[in-house]
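Peer 1: Mind folding the following:
(one chain, ligands or ions: 1)
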Amino acid sequence: MAVIKKSLAEIEAMKEAGRISAKVLRMAGKHVEPGISTLELDNIVEKLIRLEGGIPAFKGYGGFPGSICASINEEIVHGIPSATKILKEGDIVSIDTGAIVDGWVGDNAWTYACGKISAEKQRLLDITEKCMWAAIDAARPGNRLGDVGAACQEIAEAAGFGVVREYVGHGIGRNMHEDPNVPNWGRKHTGLKLQAGMVLAIEPMINMGTEKTKQGADGWLVTTRDGMPSAHFEKTVAIMEDGPMVLTTEPMFRRPM
Ligand code: MG
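Peer 2: This is a model prediction of the structure:
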């Protein structure tokens, strides 16, 4: 495994891709409402990324046609934006997007509620976000990759939810997907030792029911096997000497870890 560590200057340079990724994701969330199609959301995000001076990281990646992945309800990840996929009241939608600036990639995702959602779906969102923050908090020098996964898994399973196994987080830098893989489950004190300079995309995918997945006919879409809802939150995080630093954020929203 070849983990590419970044210098302080490189991490600094990654902040602009992160800022744009975070801004467009937040703006996309403001447009989530009954009646909007995932293609319209895609168009909004693509325009905003370019307006901010970035390049959509997803568009054309491995042949993916969109600037966002939009995954509704039982869809876990990699939903292709479509004019015929129209959000309705009570849906949850994971929007995953990223920008490239000066060759550096940002990657982040958030699952938004469309209108009023059920209490069970709200709980799924709350727990999955909590999983993400716990995993991020474990991303610090001296810890191991297993600590990151275990932090997520503990919270998800205590809530009775399934942790998706087939899809994982990843290293990120000049490429969207670099080593190492970052599983959302694991055993404490095991796995790769984390060091300052590593940059990881941490992205729990948590299912209300079974952890099992299935792939759609288009070769991209991944859904839950039992048809129950799934949530997905992601941030790009730099491991600093003193702990994690979220790169996909806007300065006004920076929060202490
Ligand atoms: Mg990712």
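Peer 1: Look at the residue lying closest to residue 38 once chain neighbours are set aside and give its secondary structure.
Peer 2: The shortest distance from residue 38 to any non-neighbouring residue, by CB to CB, 6 or more residues apart in numbering, is to residue 70 (3.7 Å). No exception for glycine: its C-beta is placed from N, CA and C like everyone else's. For residue 70, the assignment made with DSSP: H, G, I helix; E, B strand; the rest coil gives strand.
Peer 1: Please tell me how far residue 70 sits from residue 172.
Peer 2: 21 Å (CB to CB, to the nearest Å).
Peer 1: between the two, who's got more neighbours?
Peer 2: residue 172 (31 against 27; other CB atoms under 10 Å).
Peer 1: quick one: the more buried one and residue 105 touch, right?
Peer 2: Yes: contact status for residue 172 versus residue 105: in contact at 5.7 Å, counting by CB atoms under 8 Å.
Peer 1: Look up which residues are beta-bridged to the residue nearest to residue 38.
Peer 2: residue 95 (DSSP bridges).
Peer 1: just use 550 as the starting number from now, easier for me
Peer 2: Sounds good: first residue 550 from here, last item residue 619.
Peer 1: That one is in contact with residue 627, isn't it?
Peer 2: No: Residue 619 is beyond contact range of residue 627, at 9.4 Å (criterion: CB under 8 Å).
Peer 1: What residues does the chain have near the ion?
Peer 2: The chain comes close to the ion at residues 656, 750, as judged by CB under 5 Å from the ion.
Peer 1: what do you get if the cut-off is 8 Å, keeping everything else the same?
Peer 2: 645, 647, 656-658, 718-719, 721, 725-726, 750, 752, 783 (CB under 8 Å from the ion).
Peer 1: Could you identify the buried members of those residues?
Peer 2: 645, 647, 656-658, 718-719, 721, 725, 750, 752, 783 (16 or more other CB atoms under 10 Å).
Peer 1: roughly how far apart are residue 777 and the ion?
Peer 2: Separation of residue 777 from the ion (CB to the ion, to the nearest Å): 22 Å.
Peer 1: For that residue, give me its contacts.
Peer 2: By CB atoms under 8 Å, 6 or more residues apart in numbering, residue 777 lies in contact with 623, 756-759.
Peer 1: Which residue, other than its chain neighbours, is closest to the residue of the stretch 550-699 of the chain found nearest the ion?
Peer 2: Per CB to the ion, residue 656 is where the stretch 550-699 of the chain lies closest to the ion, at 4.3 Å. Nearest residue to residue 656 in three dimensions, chain neighbours excluded: residue 647, at 4.0 Å (CB to CB, 6+ apart).
Peer 1: can I assume the one you found is in contact with residue 725?
Peer 2: Yes: if you go by CB under 8 Å, residue 647 and residue 725 touch, sitting 6.6 Å apart.
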